[in-house]
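Sharing a sequence plus its predicted fold:
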Amino acid sequence: MWILVTRTPKPDAAYWPGRRHLAVLDALAWPAFWMALVAVAPFSMGVIGIIVVAVSLVAAALRVQRAILSNERYWFTTWRWGAPLIAIVVAGYVMKAVA
């Protein structure tokens, strides 16, 4: 027996002036970050590096398309991943300062 459970889709994001421009920057920043990590790797990435760069380019193109054409459906990656990463870094500095 198959049981299919569907999630309700996220509501559209609120539009505000400048959102489209910031969405394009956000859409390009994360794939560029992954490509920069491949470029500065201390060892040869070989075929995996080429694949990461290719996937990043495709992801950047798709993300920019969504950021421009259907901006109400674009959710910021920096807010989703950046905020928890900053919290972890701040917690590390606090633990280092206390010890």
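On my side now, so go ahead. Numbers count the residues shown, from 1 in each chain.

Longest helix in the chain, please.
In the chain, assigned by DSSP state H, the helix with the most residues is helix 46-69.

just checking, what packs against it?
Packing partners of helix 46-69 (3 or more CB pairs under 8 Å, 6 or more residues apart in numbering; DSSP states H and E): helix 19-39. From N, CA and C alone the C-beta is placed, and that goes for glycine too.

Quick check: mean pLDDT of the helix it packs on?
What helix 19-39 shows for mean pLDDT is 94.

any idea how far the helix or strand just after the longest helix of the chain is from the chain center?
For helix 46-69, the following helix or strand on the C-terminal side (DSSP states H and E) is helix 77. Averaging C-alpha positions (CA atoms, centre = their mean, to the nearest Å) puts helix 77 4 Å from its chain's average.

what's in contact with helix 77?
Contact with helix 77 is made by 26-27, 29-30, as judged by CB atoms under 8 Å, 6 or more residues apart in numbering.

which of these are buried?
26-27, 30 (16 or more other CB atoms under 10 Å).

if we can go back for a sec, centre of the chain to the longest helix of the chain, how far?
11 Å.

Could I get the buried residue list for that helix?
Those would be 49, 52-53, 56, 60, 63-64, 66-67, for helix 46-69 by 16+ other CB under 10 Å.

Same question for stretch 88-99.
By neighbour count with 16+ other CB under 10 Å, stretch 88-99 contains no buried residues.

now what about that stretch, what contacts it?
Counting by CB under 8 Å, 6+ apart, no residue sits against stretch 88-99.

May I have that stretch exported as CSV, CA atoms only?
Taking Å, rounded to 0.1, in the frame of the first residue of the first chain, the C-alpha atoms of stretch 88-99 are listed here in CSV:
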residue,chain,number,x,y,z
ILE,A,88,28.0,28.7,15.3
VAL,A,89,31.0,31.0,14.8
VAL,A,90,29.9,33.4,17.5
ALA,A,91,29.3,30.5,19.9
GLY,A,92,32.9,29.3,19.1
TYR,A,93,34.3,32.7,19.9
VAL,A,94,32.3,32.9,23.2
MET,A,95,33.6,29.5,24.2
LYS,A,96,37.2,30.5,23.3
ALA,A,97,36.8,33.7,25.3
VAL,A,98,35.4,31.9,28.4
ALA,A,99,38.1,29.2,28.5
